[in-house]
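In: Any chance you could fold what I've pasted below:
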Amino acid sequence: MEGTEREGLLEVARLMALSARTAPKARGRDHLRIRVLTGEEKEKLAEKMEEMAGEYEFFRRDARSVREAGAVLLVGLVGEPLDLNCGACGSSCEGLRKGGKKEGRGCAGPICVVDALNLGIALGSAAKTASLLNVDNRMMFSAGVAARKAGLAEADVVVALPLSASGKSPFFDRAPP
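Out: Down below sits the predicted model:
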């Protein structure tokens, strides 16, 4: 990718981070962790995904997409009960606090459903920004899981959005694992 395109892609990544940060959130409580990966950090993510392909074969295919991306936006959530006591998590906010977090195969939980909805809104806002600026992207849970495992993201749940500015999107019409 040429210098001008690389600079443009990084600017779009920053604008996507801004869109995620300013997306509406319940009670105005922001529990997001956002960062952009390029260069060596992006390669570290792809390597971790390949390492994890022994357990999840599709991680290998997704690692190829991450390598082809010019940058990767990570949007993570540090879940914290919002004191609504809606019960959607199967408990109460106090119950979530007392029970503590348990590490799963790719995330830590349980997570407050309202917090999870906030994450979804933030991700949608970021993807919308990329789309408006003609940058190809794809939300990848696989890359988010690998980012957590590689120590690239400190959050309970992470979703990655690799970004590309090329003649053909590397994120769709991919060969199956």
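In: Low-confidence stretches in the protein?
Out: 1, 174-177 (pLDDT under 70).
In: Can you pull up the most central residue in it?
Out: Val159 (2.0 Å; Cα atoms, centre = their mean).
In: For that one, which non-adjacent residue is spatially closest?
Out: Gly144 (4.4 Å; Cβ to Cβ, 6 or more residues apart in numbering). For every residue, glycine as well, the C-beta is placed using N, CA and C.
In: The residue nearest to the centre of the chain is in contact with Leu119, isn't it?
Out: Yes. With contact defined as Cβ atoms under 8 Å, Val159 counts as touching Leu119 (7.3 Å).
In: Now the common contact residues for those two.
Out: Val75 (Cβ atoms under 8 Å, 6 or more residues apart in numbering).
In: how about stretch 53-72: buried residues?
Out: Using 16 or more other Cβ atoms under 10 Å as the burial criterion, the residues of stretch 53-72 that qualify are 53, 56, 59-60, 62-63, 65-72.
In: out of those residues, which are inside helices?
Out: 59-60, 62-63, 65-68 (DSSP state H).
In: Return the residues in contact with the residue nearest to Tyr56 when sequence neighbours are not counted.
Out: Leaving aside its chain neighbours, Tyr56 sits nearest to Ser142 (6.8 Å; criterion: Cβ to Cβ, 6+ apart). By Cβ under 8 Å, 6+ apart, the contact set of Ser142 is 49, 56, 58-59, 62, 160.
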